[in-house]
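Engineer: Any chance you can model this:
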Amino acid sequence: MADVLQLDAVRRGQPRVVAGADRLGNPVRWVHVAEVTDIAHLLHGGELVLTTGIALPDDPDRLRAYIADLAEVGVSGLMIELGRRYARSLPRALLAAAEEHGLPVVMLAHEPAFVDITESVHARILQDQMAELRASERLHEIFTQLSVEGASPDEIVRQVAALGGHPVVLENLSHQVLAADAGPGDPAELLSAWETRSRAVRPEGRTGYDEASGWLVTTVGARGEDWGRLIITCGRPPTPRETVLIERAATTLALVRLLDRHAESVERQAHGTIIARLLAHSYADPQEVAARARALGVPLSGRRLLGVVLRPCAGAARGDLSELAETASAACKEARVAALVGVLEEDGPKARVSVLASLSARADVEAVLTEIATRVRKRYDGDVVMAAGSVVQSVRDVRRSFLEAEQVADVAARGSAARLFYRLPDLRLRGLLHLLRDDARVQTFVERELGPLLEYDAERGSDLTRVLELYLESGRNKAVAAQRAHLSRPAFYERLRRIERVLDADLDDVECCVSLHVALLALASLRWERSNT
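Structural biologist: Next comes the predicted model:
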């Protein structure tokens, strides 16, 4: 109604709202010109009724009945032209009834052309309908593309926030935040005490508006299995377009999850996103990441934080890292450890599952790691290495803990995963050489110690470097080394003599053997680095 009053065809009649001024937000579906009093039964609701009032009765009771009938059928408003029936004002009974029933009444001081008003309003209605149709088509295109691309929940939520202009949150059935976009607002403020606030919002139906919170909420799920809710915090009753937007987004979220059956869960994606952004320094404010993690049920403020990395061992089947992530998450929950668990770089050479454990001040770190590793080992035996960094006290230092854990995992993954978990002190010399592998002095040392032997093997296709490695790894026990090399003792002894000639070295000299062993360990780190880049 408020928009109708701004049209030129109406303004020429000098409109004045004389009743129901608080209902000018009523939507106008159509315009109907009617001079008879018993018109209500021919209307469907949403009409703006135009009349000169020429047939309206004098009797106050009949006027009240006329207004009551129009209000009951749901007309948007009544517009009465002065001059033919009423000279300067409208009957008090009519106005009182209109106020009582909440029906807007507009008095036109000058005679307008009703056909001009009708055409203008209908043109505006059709224009708005076309705009809604174009907007609906645009939403269809956007979310169809997101479905085809298999967009992540973060991407879909970000698109909803951009299209709607309001903060958007995706939560699971436990009211933990899986993805959120605060737009230009403060993410920490948006997610503050989220679970408590969300549990209080229970609109009726799959999509509904909660007036107390100002939230538009829709359920997310398909095939009878609901798994979350999508929320737009619009702060006022939603427009039809916003309702279409949230329902289309919820359908896309459900469809993407159905199509990508082998992908990690939405919860794992949410956890992985936070960890990845922490490692990339993408959070300008530590309070934001703390709020996002807390909304997922993992407190980070005032806690001891520990970065943990799980990776398949060298030679082991890589398998499904999302399955490993779910196993790690279940192990943390069974050990009663609050943790973010996600897959990072699933398809790359550095593919790994990362765990950010949040520990209390009294928690025994070694005991916690042992319990989690034991539960993971039951599922993966010795095919997975678990490495932990140092404990840190602040979100700002989490990246350092993860980098340390990744370096430890790089070294430990080349072994046999004999230990339940590894930390930097467990790697000894092998770990030190791995950390120093990019140092030119280490590379020069390797070439000086092993260069001639490596060239000899390359030219002749022999395996003397491997024989030397087995000999030194066996503690210079020739019998054990020959057995591991699947060679007879004479054949093995002959190869050792050839190695001594090529390197001009004495393999009975302890210091010489130590130097060669260090060079072989450094060589292994260099070769591993090249094979994973």
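Engineer: quick one: Ala331 from Leu432, how far?
Structural biologist: Here the criterion is CB to CB, to the nearest Å. By it, Ala331 lies 30 Å from Leu432. (Glycine included, C-beta is placed from N, CA and C.)
Engineer: what's the following helix or strand after the lowest-mean-pLDDT helix or strand in the chain?
Structural biologist: The helix or strand of the chain with the lowest confidence, counting by mean pLDDT, DSSP states H and E, is helix 428-435 at a mean of 70. Downstream of helix 428-435, the next assigned helix or strand under DSSP states H and E is helix 440-460.
Engineer: now the helices for the stretch 101-250 of the chain?
Structural biologist: For the stretch 101-250 of the chain, applying DSSP state H, counting those that start in this stretch gives helices covering 114-149, 153-164, 187-191, 194-199, 240-259.
Engineer: can you tell which of those helices is closest to Leu300?
Structural biologist: helix 187-191 (12.1 Å; CB to CB).
Engineer: coming back round to it: can you put the helices of the stretch 101-250 of the chain in CSV and add mean neighbour count and mean pLDDT?
Structural biologist: Output for the helices of the stretch 101-250 of the chain, formatted as CSV (neighbours: other CB atoms under 10 Å; pLDDT from 0 to 100):
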stretch, mean neighbour count, mean pLDDT
helix 114-149, 14, 85
helix 153-164, 21, 93
helix 187-191, 19, 92
helix 194-199, 15, 92
helix 240-259, 20, 88
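Engineer: and Arg352, which of these is closest to it?
Structural biologist: helix 153-164 (20.0 Å).
Engineer: out of Ala331 and Leu432, which sits in the more crowded spot?
Structural biologist: Higher neighbour count among Ala331 and Leu432: Ala331, with 24 against 17, using other CB atoms under 10 Å.
Engineer: hang on, the earlier thing: how about TSV for the helices of the stretch 101-250 of the chain, with distance to Leu173 added?
Structural biologist: Formatted as TSV, those follow (distance: least, CB to CB, whole Å):
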stretch	distance to Leu173
helix 114-149	23
helix 153-164	15
helix 187-191	17
helix 194-199	11
helix 240-259	14
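Engineer: Out of the ones you listed, the one nearest His517 is which?
Structural biologist: helix 153-164 (48.3 Å).
Engineer: sorry, back to before: so which of the helices of the stretch 101-250 of the chain is nearest Tyr209?
Structural biologist: helix 240-259 (8.4 Å).
Engineer: For Leu5, which of the helices of the stretch 101-250 of the chain is the nearest?
Structural biologist: Nearest of those (CB to CB): helix 114-149, 10.7 Å.
Engineer: and Val411, how far is that from Ala357?
Structural biologist: Taken as CB to CB, the span from Val411 to Ala357 is 21 Å.
Engineer: phi, psi of the residue lying closest to Leu190 once chain neighbours are set aside?
Structural biologist: Leaving aside its sequence neighbours, Leu190 sits nearest to Ala182 (CB to CB, 6 or more residues apart in numbering; 4.4 Å). The phi/psi pair for Ala182 (degrees, to the nearest 10) reads phi -90, psi 0.
Engineer: Ala182: how many residues sit nearby?
Structural biologist: By the measure other CB under 10 Å, the count of residues near Ala182 is 19.
Engineer: Same question for the one 10 residues further on.
Structural biologist: For Ser192, the count of nearby residues is 13 (other CB under 10 Å).
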